[in-house]
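> Here is my input, please return the structure:
(chains A and B)
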Amino acid sequence: LAKTTQPISMDSYEGQEVNITCSHNNIATNDYITWYQQFPSQGPRFIIQGYKTKVTNEVASLFIPADRKSSTLSLPRVSLSDTAVYYCLVASTDSWGKLQFGAGTQVVVTP
Amino acid sequence: NAGVTQTPKFQVLKTGQSMTLQCAQDMNHNSMYWYRQDPGMGLRLIYYSASEGTTDKGEVPNGYNVSRLNKREFSLRLESAAPSQTSVYFCASSLQGREQPQHFGDGTRLSIL
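Sure thing, here's the model as predicted:
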């Protein structure tokens, strides 16, 4: 199971772009990268998932370099409501039942 | 609203008491999961169910049992609660088997005295 490393916290101002990088040096060939967002007193919310290159949806973009040893979640033009903990998860169908979340990155957006 | 519903939202137990946490999803998902979340430790998988009728242990199954009652419902039981089981418990689901959870409930906050 690939171990992930993320920054503990990040601060940003409203309207800025926030980029959170997750390191996963031991990622396996079959592993996918998934990001979740969690607000206080709520369960995590699935944001985006990718395998390689770039994935974009209405909420965020996910950039994965060719070696796949890291990935970057990009949140464009953040607002106060984007203040949350963001988790990076790396797993495959071989390890799906043993997913373990790390401590995540606390993002704080201020006016 | 469609999603994952957990009951109760809060509960206080005494050591040795038993309790069942309920979880139901209305998205016709095949897979369901139970996690616990402790401060500074992220979420840890307790049990999961790939499909109706199957259950498997996750990383921290000791002290818990589960039942996949039907496709919608997946319950977690503490037979003899211990203070170490004080935590926030999350149920989750995913459409396909063998993939990361897609939807989480809002959690059950359990305190064991």
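> Name the helix or strand for the most centrally placed residue in chain B, please.
The C-alpha lying nearest the average C-alpha coordinate of chain B belongs to residue B:34 (CA atoms, centre = their mean; 2.9 Å). Element membership of residue B:34 [criterion: DSSP states H and E] is strand B:31-37.
> Any idea what the residue in chain B that chain A sits nearest to is bridged to?
Among the residues of chain B, residue B:104 lies nearest to chain A; the distance is 3.0 Å by CB to the nearest CB. Any C-beta I mention is one placed from the backbone N, CA and C, and that applies to glycine too. Residues found in beta-bridge contact with residue B:104 (criterion: DSSP bridges) are residue B:92.
> got the contact list for residue B:30?
If a contact means CB atoms under 8 Å, 6 or more residues apart in numbering or on different chains, then residue B:30 has B:50, B:51, B:52, B:71, B:94, B:95, B:96, B:97 as its contacts.
> Using JSON lines, please lay out those together with pLDDT.
Formatted as JSON lines, the entries for those read as follows, by pLDDT from 0 to 100:
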{"residue": "B:50", "pLDDT": "87"}
{"residue": "B:51", "pLDDT": "88"}
{"residue": "B:52", "pLDDT": "89"}
{"residue": "B:71", "pLDDT": "94"}
{"residue": "B:94", "pLDDT": "90"}
{"residue": "B:95", "pLDDT": "87"}
{"residue": "B:96", "pLDDT": "76"}
{"residue": "B:97", "pLDDT": "64"}
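> out of these, which is most surrounded?
Of all the contacts of residue B:30, residue B:94 has the most neighbours under the rule other CB atoms under 10 Å in any protein chain shown, reaching 22 neighbours.
> That one contacts residue B:51, correct?
No. No contact is recorded between residue B:94 and residue B:51 when judged using CB atoms under 8 Å, the distance being 11.0 Å.
> for the chain, what spans make up the helices?
No chain was given, so I picked chain A. Counting by DSSP state H, chain A has no helices to list.
> quick revisit: residues shared between the contacts of residue B:94 and residue B:51?
Listed contacts common to residue B:94 and residue B:51 are B:30, B:31; contacts here mean CB under 8 Å, 6+ apart.
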